[in-house]
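**Q** A predicted structure for the sequence below; I have some questions about it.
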Amino acid sequence: MKLDRLNRPESLTEMAYRELRAAIVDGRLKLGDQVSELRLSQMLGISKTPVREALLALKREGLVVIDPQRATSIFHIDETEIESIRAFRELLEEQAARNAFAGDKVAFARSIGAVLEKMNAALQSGDRTEYRLLDAEFHDVILSYGNNPYLTAAYNLIATKIGALRTRAQDFDNVVNNSLKTHARLHGLIESGDVEQFCKLLRLHIDNTGNDYLKWMTSQNAEAAEIS
């Protein structure tokens with residue numbers, strides 16, 4: 001029996017989910033901000049039903065908090081959760097890296113190098129948005145060459161939150177410049193085949209990223225205190 005493939009257009013719920021998710025990651029929706037189905041539906045030009053369904057999907061990803069007794073809000077992160085994300089990333093990315101070094105290191109280095117070139121170009125052109133996307137892609141390559149779908153699936157549980165935090169932390173020029181230098185050093189360690197130094201630097205990089213998130217959070221708290 002042969003079945004024809006169905007070409008189904010993207011539903012309003014899927015479009016609303018994709019747009020709201022992107023708005024959380026790129027900072028158009030601020031962390032901790034309260035949102036309403038009515039206001040979001042007006043902004044998106046659609047009814048409240050697909051917005052409600054999109055918010056439920058975002059809740060499952062931990063990006064939205066829905067409290068029936070209060071308002072719906074964008075997720076808020078604290079120091080404890082940042083530490084948890086940092087530890088989780090280290091476990092997953094280091095194991096993926098060790099698997100990648102045990103596999104085709106030439107292809108691994110080539111793929112990482114291609115992303116690094118694009119990161120350089122994005123930074124040279126001043127395109128921070130593209131740079132952040134490529135930063136995420138760099139780490140996705142490590143996971144993909146880790147050759148373990150369970151590592152990737154586990155990482156995807158926090159990938160969007162990492163993206164949202166990356167947007168905030170990379171507002172600082174020194175953070176972006178240091179990030180690029182570290183990624184370049186990681187690429188060099190793949191080419192030299194030094195898995196132990198690679199893992200050591202990767203852990204340091206993730207630790208520093210966590211510290212950047214904390215610095216961003218501290219700056220936001222200071223600004224809020226000045227306003228109040």
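**A** Looks like it arrived, so ask away.

**Q** give me the most central residue, the protein.
**A** G163 (2.2 Å; CA atoms, centre = their mean).

**Q** residues contacting it?
**A** By CB atoms under 8 Å, 6 or more residues apart in numbering, the contact set of G163 is V25, R132, A136. (Each C-beta comes from the backbone N, C-alpha and C, glycine too.)

**Q** check which helix or strand it maps to.
**A** Element membership for G163, per DSSP states H and E: helix 149-169.

**Q** and the strands in the protein, which stretches?
**A** In the chain, the segments counted as strands under DSSP state E are 34-35, 64-65, 72-74.

**Q** so can I have TSV of those showing mean neighbour count and distance to A122?
**A** Shown next, in TSV, are these (neighbours: other CB atoms under 10 Å; distance: least, CB to CB, whole Å):
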stretch	mean neighbour count	distance to A122
strand 34-35	16	30
strand 64-65	19	29
strand 72-74	19	26
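
**Q** out of these, which comes closest to Y155?
**A** strand 64-65 (20.4 Å; CB to CB).

**Q** residues in contact with the closest one: which ones?
**A** The contact list for strand 64-65, computed with CB under 8 Å, 6+ apart, reads I24, V35, L55, L58, K59, T72, S73, I74, F75, H76.

**Q** so how far is L189 from the residue nearest to the centre of the chain?
**A** From G163 over to L189 the distance is 25 Å, taken as CB to CB, to the nearest Å.

**Q** cool, and Q34?
**A** 45 Å.

**Q** circling back to that earlier point, any chance of the strands of the chain in a markdown table, with mean pLDDT too?
**A** Formatted as a markdown table, the strands of the chain follow (pLDDT from 0 to 100):
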| stretch | mean pLDDT |
| --- | --- |
| strand 34-35 | 92 |
| strand 64-65 | 94 |
| strand 72-74 | 93 |
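
**Q** tabulate the ones you listed (JSON lines), appending distance to M43.
**A** Shown next, in JSON lines, are those (distance: least, CB to CB, whole Å):
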{"stretch": "strand 34-35", "distance to M43": "10"}
{"stretch": "strand 64-65", "distance to M43": "15"}
{"stretch": "strand 72-74", "distance to M43": "14"}
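
**Q** ranking the contacts of G163 by neighbours, who comes first?
**A** Highest neighbour count within those, by other CB atoms under 10 Å: V25, with 23 neighbours.

**Q** is it true that it touches T160?
**A** Yes - under the criterion of CB atoms under 8 Å, V25 makes contact with T160 at 6.4 Å.

**Q** okay, D33 and I24: tell me how far apart.
**A** If you measure D33 against I24 using CB to CB, the figure is 10 Å.

**Q** actually, E117.
**A** 29 Å.

**Q** with neighbour numbers in mind, choose between the two.
**A** Of the pair E117 and I24, I24 is the one with more neighbours under other CB under 10 Å, namely 25 against 12.
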